[in-house]
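Colleague: I'll drop the sequence and a predicted model, then ask my questions.
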Amino acid sequence: MSTIMARDRLILALDVPSSDEAERLLDQVHDQIVFVKVGLELYTAAGPEMVQRLITQGKRVFLDLKFLDIEETVRRATARVAAMGVEFLTVHANRKALAAAVQGRGESALKLLAVTVLTNFDSQDLREMGIQRSVQDLVTARALLASEVGCDGVVASGEEPAILRPKVGPRFLIVTPGVRPAGKDVDDHARATTPTQAISAGADYLVVGRPIRDASDPAAAAAEILIEMQAAFDARG
């Protein structure tokens, strides 16, 4: 029987346009959600104040800003994120950016996640960018790079954990977005998976946004996903 609690591993994406909308969504899901993701939309609208408000409320915060800039900028920005008490931060899987982020977080508890290949990308998208590798090969290469420079994990679709886990080991975090319960629209994700598929493949955390945010009953939608996640973690052992 798994000792992993699904409630600790479900990250609700607060992809909403204002702090009021974020608070409303959190009120709707009640105390089922303890971990939230703040991305570009909400951070642009509400900034660090929203992050601090969530932390004050006892929420764990994943700041999904996908840093990519010159080393000095990434290092200093990461230091500011670490000082805020954020738990996860995303950085694009570029060697200089990742190394700068590792330096910037110092001795803090901030965990750095390398963004491998966005879940709305497929092989055709990579070719248009001049990249001839397959999605899986590129994700693997970027995960190994992240591990080499001292990051704590990666963001990767549910199609990749089974390939990554043997290469990066059991402690390296795999955080999976683009998760859709069976029968739900995959929206703009080219590599969507169900909670069961992602966890069975080796994902540690799941990021879910629209299936909860846009549900007629967000609390019920979150509860169903948690039940499925718990069964998958228990089955994985």
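Modeller: Right, received. Where do you want to start?
Colleague: hey, let's count contacts and neighbours off CA atoms from now on
Modeller: Will do.
Colleague: What separation is there between Lys210 and Pro177?
Modeller: Check again: residue 210 is Arg, not Lys. Counting by Cα to Cα, to the nearest Å, the gap from Arg210 to Pro177 is 11 Å.
Colleague: Mind checking which of the two has more residues around it?
Modeller: Pro177 (26 against 19; other Cα atoms under 10 Å).
Colleague: Excluding chain neighbours, what is closest to the more buried one?
Modeller: Sequence neighbours aside, Val207 is the residue nearest to Pro177 in space, at 4.6 Å (criterion: Cα to Cα, 6 or more residues apart in numbering).
Colleague: chain center to the helix or strand harbouring the one you found, what's the gap?
Modeller: Assigned by DSSP states H and E, Val207 belongs to strand 205-208. Relative to its parent chain, strand 205-208 has a centroid offset of 6 Å by Cα atoms, centre = their mean, to the nearest Å.
Colleague: partners of it, with directions?
Modeller: Strand 205-208 pairs in its sheet with strand 10-13 (parallel), strand 173-176 (parallel), by DSSP bridges.
Colleague: Report the central residue of the protein.
Modeller: With distances taken as Cα atoms, centre = their mean, the residue of the chain nearest its centroid is Val175 (4.8 Å).
Colleague: So which residues of this protein form helices?
Modeller: Secondary structure of the chain (DSSP state H): helices located at 6-9, 19-29, 40-56, 71-84, 95-105, 123-128, 135-149, 161-168, 195-201, 210-213, 218-236.
Colleague: Which positions in the fourth one come out as buried?
Modeller: This points to helix 71-84. By neighbour count on 16 or more other Cα atoms under 10 Å, the buried set for helix 71-84 is 71, 73-79, 81-82, 84.
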